[in-house]
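Engineer: predicted model and sequence below, questions to follow.
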Amino acid sequence: MARNNQSSNMAMGMAIGIAVGAGIGAAMNNVGIGVGMGVAIGAALGAFYQRGDDSDDEVEGETGRVRRGPTQRESP
C-alpha cells in the first residue's frame, strides 16, 4: 500500500495553496498578492498534512485489520 512521505505532503500543500492564492489574486486583479497568499496558505496546509500523517499503520485486505508500523522510537 502506498504511503505519502512528509516532503510530498509539503509539496501538495504548496501546490494547492499557490493555485488557490493565484485564483484569489486573479479575482482581485493582482496575481502577485494572490501567489504570495498562496505560498502562505500552502505552507500552512503542508504543515497540517505533515502533522496528520505521522503513522506507518496499514490496513490489510477486506478484514480491515491494521498492521502496526514502527514508531519513531523503534525506527533505525
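Structural biologist: Yes, it's here.
Engineer: where does the prediction get shaky in this protein?
Structural biologist: Where the chain drops to pLDDT under 70, the residues are 1-7, 9, 49-76.
Engineer: which residue ranges of it form strands?
Structural biologist: 58-60, 65-67 (DSSP state E).
Engineer: nearest spatial neighbour of residue 48, skipping sequence neighbours?
Structural biologist: Once flanking residues are discounted, residue 48 sits nearest to residue 13: 7.1 Å by Cβ to Cβ, 6 or more residues apart in numbering. Backbone N, C-alpha and C define where each C-beta goes, glycine included.
Engineer: sorry, wrong one. I was asking about residue 19.
Structural biologist: Nearest non-adjacent residue to residue 19, counting by Cβ to Cβ, 6+ apart: residue 38, 6.8 Å away.
Engineer: you'd agree residue 37 is up against residue 22?
Structural biologist: No. In this structure, residue 37 is not within contact of residue 22 by Cβ atoms under 8 Å, at 9.0 Å.
Engineer: these two: which is more packed in?
Structural biologist: Neighbours were counted for residue 37 and for residue 22 using other Cβ atoms under 10 Å; residue 37 has more, 19 against 16.
Engineer: skip the chain neighbours and tell me the closest residue to the more buried one.
Structural biologist: residue 21 (4.2 Å).
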